[in-house]
Structures are given as structure tokens and as C-alpha cells.
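J.: Sequence and predicted structure below; questions after.
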Amino acid sequence: MFKIKNISIGSGEITASEIALGCMRMANLTVKEAAGVIDSALESGINFFDHADIYGGGKSEEIFSEAFGMTPSKREKIFIQSKCGIRDGYYDFSKEHILEAVDGSLRRLKTDYLDVLLLHRPDALVEPEEVAEAFTVLHSSGKVRYFGVSNHNPMQMELLGRYLNQKILVNQLQLSVMHTGMIDAGLHVNMKTDSAADRDGSVLDYCRLKGITVQAWSPFQYGFFNGVFLDNDKFPELNKRINAAAADKGVTNSAVAIAWLLRHPAKIQPVIGTMNKQRIKDICRASDISLTRQEWYGIYRAAGNDIP
């Protein structure tokens, strides 16, 4: 049976599947359905599972642990990542909240530790000394092995890094062929075009320089949860190009969309959110194909992106 490749996360601290399964929608499944999804992911070689304390109000983590049948021996074979910091109408990176959030996730996941904890979205009122204290407590107690962020720019990571005793391993960012701001700016340097606008502080290049793995969330979405671009009549040229590549390589269009991300030398780890067992297997075939430069740029341009 085909299994996807592994990649190094961070600077090699973790070696895990190059595609992760995002478990946000698992709250909508029965335990039996979730078990089938998890089994499909494991059979395809996915061993990295992405959670957050707010997914399903915590139910996603509960369903996952019950469906997986969490035991110490099974736990050691997978990587579990969760996130915290989003509350009802505000963000909270206080020491108290971070510690409470992790304890809640551990309880729902029925495990003693998280492999990775991410700060979910930047908190304008962050006090990095507090974050550092929380991370030190969590690391020294064995509750969290590694740390990262989500939706952070380079200066926000630099600010945290000044106080942290632990390395930032991951930055989870929205990225797809229809959401390419962090790529566009690098192609339009010193130009007076909309694409030249640097909205994220060259975060992709920064992460490559610092050995921080970029995890791509919503790899099939356009806009901010506006919908999927695959098989969408709004994007005929893009789908024509993707479907041609899919036919040529004997895979589905979803595999090509993920292969487009995997082709980037930043070693991006896409986080897929489907709860469809067959689609998981289809997507994972992305690990078995490679796009040429011409194909990669062809898909990029078909998405409506111009190059100078």
C-alpha cells in the first residue's frame, strides 16, 4: 500500500509525515466514523495530527482520542499538535490561560503530552515573558515537547524568541495556490503593483532562514473560508491546468493542489482537513509525484497571478 514520505520538522527535531491531518471537522463525526478517518490516514502514512482547543469547542479532541483508542504504546507512534490562545471574542497568551488550555487538551486527548503546541493567533496584548514562563513550565513538566506559532509574522516571532528558552519549530499559515501573498511579494520586489505589497514581513523566507517549518492551512480554499477552488466554475483556467496535470500524472486534482505546495523548497507541510477516507488516500498521492518548474509556474499563473 502506498505511503507518503516523511520530512524533518523544524531543524530536524521531529521526523513526521509530510502531510498532516487537520482534525477541526472531527467534532461532526461519530466515534466510528472518526476511527475510519484516522485509520485511512495512518494507512496512507500520515502520522501527524493537528488539533486546537477551540475545534468543536473541544469535542474534536475528545472524538479523536476515543476513536484512536489512546494507549501509551499507540500514542508513541503518532505526533499530536494542538493550539491555544483564541477565546470568545479575544486572544489570550497569558501564562494562566496557556497552562489551563494545555491541561484541557491533554485531558480531552487522554494523553500525558503534546508533541507540539502552537500559539493560535497573535495576541496584541502578549507579554512574551509570560509566554516564556508558561512554555518553560510545560516543557520541564513533560507536558509539551516542542513549540510553535500560527499566523505570526517574523517580528512577532523575533519578539517571542527573545524571551523563549525553546526554539519555535512551526509557523502555521494560510497557503494555497489561491492564497499566495507570501510568494507574490517575493516575485514583485521593488515594483508598484498590488502583488508587491509585503503583508507578512517576508515570512516564508524568514522561516526558511530560521529552520521553521511552514504548515499550510486551508490548502484547497480561496479567500478567508470562501470555499474551495477545485471544481469551481469561478476558476476555469486554474482547474483546466490542474486537471491536465492530474490526468498526465494519474492522480486526482486534489493531489496536484497539494503537490504544488510540496514542490516549494521550503519543505512546507500541508494540513488537510477532509474527513473523507478515500479523499485522504487520493490526496496523499501528492507525495508520489513532482511538478516541474514549468508546471508549478503554469498553475501559479492560471490562478490569476502574474509574473513580472
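T.: Looks like it arrived, so ask away.
J.: Now Ala41. Nearest residue, chain neighbours left out?
T.: Leu21 (4.7 Å; Cβ to Cβ, 6 or more residues apart in numbering). Where C-beta positions appear, they are placed from N, C-alpha and C, glycine not excepted.
J.: So which residue is dead centre in the protein?
T.: Gln215 (3.5 Å; Cα atoms, centre = their mean).
J.: Run a quick neighbour tally on the residue nearest to Ala41.
T.: 28 (other Cβ atoms under 10 Å).
J.: Could you look up the SS state of it?
T.: Following DSSP: H, G, I helix; E, B strand; the rest coil, the label given to Leu21 is strand.
J.: now Phe225
T.: Phe225 ends up coil, using three-state DSSP.
J.: OK, contacts around it?
T.: Ser218 (Cβ atoms under 8 Å, 6 or more residues apart in numbering).
J.: ok, Ala246 - contacts?
T.: Contacts here follow Cβ under 8 Å, 6+ apart; on that basis Ala246 touches 252-253, 255-256.
J.: now, which of those residues sits nearest Thr193?
T.: Checking the contacts of Ala246 against Thr193 by Cβ to Cβ gives Val256 as the nearest, at 27.4 Å.
J.: follow-up on the earlier one: doesn't the residue nearest to the centre of the chain lie inside a strand?
T.: Yes - counting by three-state DSSP, Gln215 is located in a strand.
J.: ok, it touching Leu169?
T.: No - using Cβ atoms under 8 Å, Gln215 is not in contact with Leu169; the gap is 10.1 Å.
J.: hang on, the earlier thing: so of the contacts of Ala246, which ones are in helices?
T.: 253, 255-256 (DSSP state H).
J.: Compare the residues you listed and tell me which is most surrounded.
T.: Val256 (27 neighbours).
J.: list the contacts for that residue?
T.: Contacts of Val256 by Cβ under 8 Å, 6+ apart are 242, 245-246, 249, 286, 289, 291, 299.
J.: Make JSON lines out of those residues and add secondary structure.
T.: Output for these, formatted as JSON lines (three-state DSSP):
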{"residue": "Ile242", "secondary structure": "helix"}
{"residue": "Ala245", "secondary structure": "helix"}
{"residue": "Ala246", "secondary structure": "helix"}
{"residue": "Lys249", "secondary structure": "helix"}
{"residue": "Ala286", "secondary structure": "helix"}
{"residue": "Ile289", "secondary structure": "coil"}
{"residue": "Leu291", "secondary structure": "coil"}
{"residue": "Ile299", "secondary structure": "helix"}
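J.: The host helix or strand of Glu295 packs against which elements?
T.: If you go by DSSP states H and E, Glu295 is part of helix 293-302. In this structure, helix 293-302 packs against helix 236-249, helix 253-262, with contacts taken as 3 or more Cβ pairs under 8 Å, 6 or more residues apart in numbering; DSSP states H and E.
J.: what's the angle between the last one and helix 293-302?
T.: Read that as helix 253-262. Here helix 253-262 points in a direction 110 degrees away from that of helix 293-302 (axes from the mean of the first three to the mean of the last three Cα atoms, to 10 degrees).
J.: Could I get the full set of helices for this structure?
T.: Under DSSP H, the chain gives helices at 31-44, 59-68, 72-75, 95-109, 128-140, 154-163, 181-187, 203-210, 236-249, 253-262, 277-284, 293-302.
J.: Ranking those helices by mean neighbour count, which comes first?
T.: Stretch with highest mean neighbour count among the helices of the chain: helix 253-262 (a mean of 24; mean count of other Cβ atoms under 10 Å).
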